[in-house]
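Trainee: here is my input; please provide its structure:
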Amino acid sequence: MESVVRQTYAREQLEIVVVDDASPDDSVAVAKRFLEKHDVDNRVVAREKNAGVAANRNAGWRLANGDWIQFLDADDLLSPHKIELQARVASTASDDVAVVYSNWQYYTLEGDVWQPTGPVNAPFVDRDPVVQILQNQSFGYVGPTLIRKSFLARIGGFEEKPNLGEDTDLMLRLAMAGGQFREARSAEAAFLYRQSPGSLWRAYVKNVDAMRNLMGTFRRAEDFLRARDSAGRLPEEARAALAVRYSKWATFYLENDPETYQWLKTSLQGLGLKRPLNLSPALDILSRVIGFENAVRARSSYRKQRDRFRTSR
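Mentor: Modelled structure (predicted):
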């Protein structure tokens with residue numbers, strides 16, 4: 001909230017909606033005390049039962065009075081110029097523009113100090129959003145964006161089910177609904193995305209339902225792109241992007257979700273691949289010799305034997 005009230009944008013045009021997801025501490029009281037000290041329209045909603053990220057975000061944007069929505073998770077930060085920069089672009093955007101976005105940077109703990117770390121990510125998806133979102137894995141977080149409320153209403157907001165890529169899912173559905181995307185250029189990062197050990201996505205990586213729904217996100221995008229072509233063909237850049245997206249978690253699905261893995265295997269074959277892309281050097285070499293599935297099983301067996309040996313010492 002401090003990063004919101006520090007915005008260079010006119011405060012009388014801002015509104016803060018805090019949705020507390022059944023916090024076990026005094027978060028609601030802290031939020032109310034903070035907002036009482038600052039002259040900004042606000043409301044604090046305390047939910048009695050944990051509803052999850054998607055449901056809370058949906059509750060927030062539906063309560064908001066503004067035409068453009070800034071989603072901000074409790075651990076992330078807005079740079080002071082963020083809203084002013086993007087509001088300037090939004091004010092002249094045509095009605096079909098659903099998303100205004102800017103660059104962003106990771107925010108990590110270095111010693112005892114939180115600070116921006118690594119390169120400034122500056123994705124560009126204005127030309128063909130569905131394809132370019134698939135191509136660019138540094139795009140998809142909702143924090144670096146402003147989203148037109150009417151477009152959120154058009155698609156129903158976030159899908160309220162676990163999904164490792166729920167932000168990317170929202171962006172792809174906005175694009176597939178005809179929403180256009182506009183970059184608001186910035187010399188510095190407009191948004192800081194905090195990397196915390198307890199982040200929800202780290203738990204979702206181990207959640208079979210969340211991982212299965214991630215593949216559903218990309219499956220819908222592929223179906224959409226094939227439907228754009230009279231012969232059901234994919235543009236080469238979309239084929240390459242989907243191959244990377246499908247390959248990334250292939251090992252997880254093989255070991256934890258056989259049904260999704262079989263679909264994934266068929267999809268990769270449909271894209272012209274005999275095995276997933278971007279495997280580790282050792283796994284890639286072994287896959288060429290005995291096949292990907294046998295290679296993963298051999299690696300798993302080796303690791304179990306190694307762990308038993310270490311435990312017995």
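Trainee: what sits against the spatially most central residue of the chain?
Mentor: Closest residue to the average C-alpha location of the chain: residue 167 at 3.4 Å, with CA atoms, centre = their mean. By CB atoms under 8 Å, 6 or more residues apart in numbering, the residues touching residue 167 are 140-142. For the C-beta atoms, the positions are set from N, CA and C on the backbone; glycine is no exception.
Trainee: ok, residue 151 next?
Mentor: Per CB under 8 Å, 6+ apart, neighbours of residue 151: 98-99, 174, 177, 179.
Trainee: the residues you listed: which two are farthest apart?
Mentor: Within the contacts of residue 151, 99 and 177 form the most distant pair, 11.2 Å apart (CB to CB).
Trainee: which of the two has more neighbours?
Mentor: Legend: neighbour count by other CB atoms under 10 Å for residue 99 and residue 177, higher for residue 99 (27 against 11).
Trainee: which ones are touching the closest residue to residue 75 other than its chain neighbours?
Mentor: Leaving aside its sequence neighbours, residue 75 sits nearest to residue 194 (CB to CB, 6 or more residues apart in numbering; 4.4 Å). Contact partners of residue 194, counting by CB under 8 Å, 6+ apart, are 75-77, 106-108, 114.
Trainee: per-residue pLDDT, residue 194?
Mentor: As predicted, residue 194 sits at a pLDDT of 92.
Trainee: that one pairs with what?
Mentor: Under DSSP bridges, the beta-bridge partners of residue 194 are residue 107.
Trainee: residue 225 reaches residue 238, doesn't it?
Mentor: Yes - at 5.1 Å, residue 225 counts as touching residue 238 under the criterion of CB atoms under 8 Å.
Trainee: please enumerate the shared neighbours of those two.
Mentor: By CB under 8 Å, 6+ apart, the residues touching both residue 225 and residue 238 are 130-131.
Trainee: for the closest residue to residue 39 other than its chain neighbours, list the residues it contacts.
Mentor: Spatially, and ignoring its direct neighbours in sequence, residue 39 is nearest to residue 11 (6.4 Å; CB to CB, 6+ apart). Residue 11 makes contacts with 5, 38-40, as judged by CB under 8 Å, 6+ apart.
Trainee: for residue 11, give me the pLDDT.
Mentor: Value listed for residue 11 in the pLDDT field: 94.
Trainee: that one and residue 249, how far apart?
Mentor: 43 Å (CB to CB, to the nearest Å).
Trainee: swap in residue 156?
Mentor: Counting by CB to CB, the gap from residue 156 to residue 249 is 26 Å.
Trainee: ok, now residue 24?
Mentor: Residue 24 is 32 Å from residue 249, by CB to CB.
Trainee: same drill for these two, tell me which one is more crowded.
Mentor: Using other CB under 10 Å as the criterion, residue 24 and residue 249 rank with residue 249 on top: 20 against 6.
Trainee: next one: phi and psi at that one?
Mentor: Main-chain torsions, residue 249, degrees, to the nearest 10: phi -120, psi 20.
Trainee: check contacts around it.
Mentor: 211, 214-215.
Trainee: residue 166 contacts residue 52, doesn't it?
Mentor: No - look at residue 166 against residue 52 with CB under 8 Å: they stay out of range, at 9.4 Å.
Trainee: so which residues of the protein form helices?
Mentor: 2-5, 27-36, 53-63, 82-91, 129-135, 149-155, 166-176, 200-204, 208-227, 236-247, 250-256, 258-270, 281-290, 292-312 (DSSP state H).
Trainee: deepest in the core, which of these is it.
Mentor: helix 166-176 (a mean of 23; mean count of other CB atoms under 10 Å).
Trainee: I'd like to know which helix or strand in the chain has the lowest mean pLDDT.
Mentor: helix 200-204 (a mean of 63; mean pLDDT, DSSP states H and E).
Trainee: quick check: closest non-adjacent residue to residue 2.
Mentor: residue 34 (7.8 Å).
Trainee: do I have it right that the one you found meets residue 1?
Mentor: Yes - with contact defined as CB under 8 Å, residue 34 counts as touching residue 1 (5.5 Å).
Trainee: list the contacts of residue 217.
Mentor: Counted by CB under 8 Å, 6+ apart, residue 217 has contacts 163, 165, 168-169, 172.
Trainee: let me have those in TSV, adding pLDDT and distance to residue 306 as columns.
Mentor: Output for the contacts of residue 217, formatted as TSV (pLDDT from 0 to 100; distance: CB to CB, whole Å):
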residue	pLDDT	distance to residue 306
163	94	34
165	94	32
168	97	35
169	98	37
172	98	40
